[in-house]
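**Student:** would you be able to build a 3D model of this:
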Amino acid sequence: MAATHVRYGYRRLTVLLRREGWKIGAKRVYRLYDEENLKVRSAGAEENYAAPARSANTGHWSEPVLVG
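**Tutor:** The predicted structure follows:
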C-alpha cells in the first residue's frame with residue numbers, strides 16, 4: 001500500500017489499513033515503515049538557504065534625536 005501511496009505517512013496508512021479491516025496499531029505501522037526505510041520527505045527539505053547576513057542597521061524606524 002505504501003508503494004501506491006508514496007506521499008502517505010505511517011498515520012495515514014494506519015487509517016487506510018483499518019478501513020480495509022486490518023487490526024493494526026500506529027506503532028506497528030511506524031516500525032514496519034521504518035524497517036522498510038519509507039520516510040516521507042518534506043516538500044522543502046533540500047532547500048537549505050543560508051540566513052541573510054545582518055547589516056549594521058539596527059532596524060529601528062526612529063533616528064537618534066540630539067537635544068541641545
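**Student:** packing partners for the helix or strand harbouring T14?
**Tutor:** Applying DSSP states H and E as the criterion places T14 in helix 10-19. Using 3 or more CB pairs under 8 Å, 6 or more residues apart in numbering; DSSP states H and E as the contact definition, the elements that helix 10-19 packs against are helix 26-35. No exception for glycine: its C-beta is placed from N, CA and C like everyone else's.
**Student:** and V29, how many residues sit next to it?
**Tutor:** Residues near V29, counting by other CB atoms under 10 Å, number 23.
**Student:** quick one, what contacts it?
**Tutor:** For V29, the contacting residues are Y10, R11, L13, T14, L17, by CB atoms under 8 Å, 6 or more residues apart in numbering.
**Student:** closest to Y30 out of these?
**Tutor:** Ranking these by separation from Y30, with CB to CB as the measure, puts Y10 on top at 4.6 Å.
**Student:** mind listing what the closest one touches?
**Tutor:** With contact set as CB under 8 Å, 6+ apart, Y10 has these partners: A26, V29, Y30, Y33.
**Student:** change it to 6 Å
**Tutor:** Contacts of Y10 were listed using CB atoms under 6 Å, 6 or more residues apart in numbering, and they are V29, Y30, Y33.
**Student:** now do A50, the pLDDT please.
**Tutor:** For A50, the pLDDT comes out at 65.
**Student:** model confidence over stretch 9-22, on average?
**Tutor:** Throughout stretch 9-22, pLDDT has a mean value of 90.
**Student:** convert it to PDB, retaining C-alpha atoms only.
**Tutor:** Extracted as PDB, the C-alpha positions of stretch 9-22 are listed here (Å, rounded to 0.1, in the frame of the first residue of the first chain):
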ATOM      1  CA  GLY A   9       2.900   8.800   6.200                       C
ATOM      2  CA  TYR A  10       2.500   6.000   8.700                       C
ATOM      3  CA  ARG A  11      -0.500   7.600  10.300                       C
ATOM      4  CA  ARG A  12      -2.500   7.900   7.100                       C
ATOM      5  CA  LEU A  13      -1.500   4.300   6.200                       C
ATOM      6  CA  THR A  14      -2.800   3.200   9.600                       C
ATOM      7  CA  VAL A  15      -6.200   4.700   8.800                       C
ATOM      8  CA  LEU A  16      -6.300   3.100   5.400                       C
ATOM      9  CA  LEU A  17      -5.400  -0.300   6.700                       C
ATOM     10  CA  ARG A  18      -8.000  -0.100   9.500                       C
ATOM     11  CA  ARG A  19     -10.600   0.900   6.900                       C
ATOM     12  CA  GLU A  20      -9.700  -2.300   5.000                       C
ATOM     13  CA  GLY A  21     -10.300  -4.400   8.100                       C
ATOM     14  CA  TRP A  22      -6.800  -4.800   9.500                       C
END
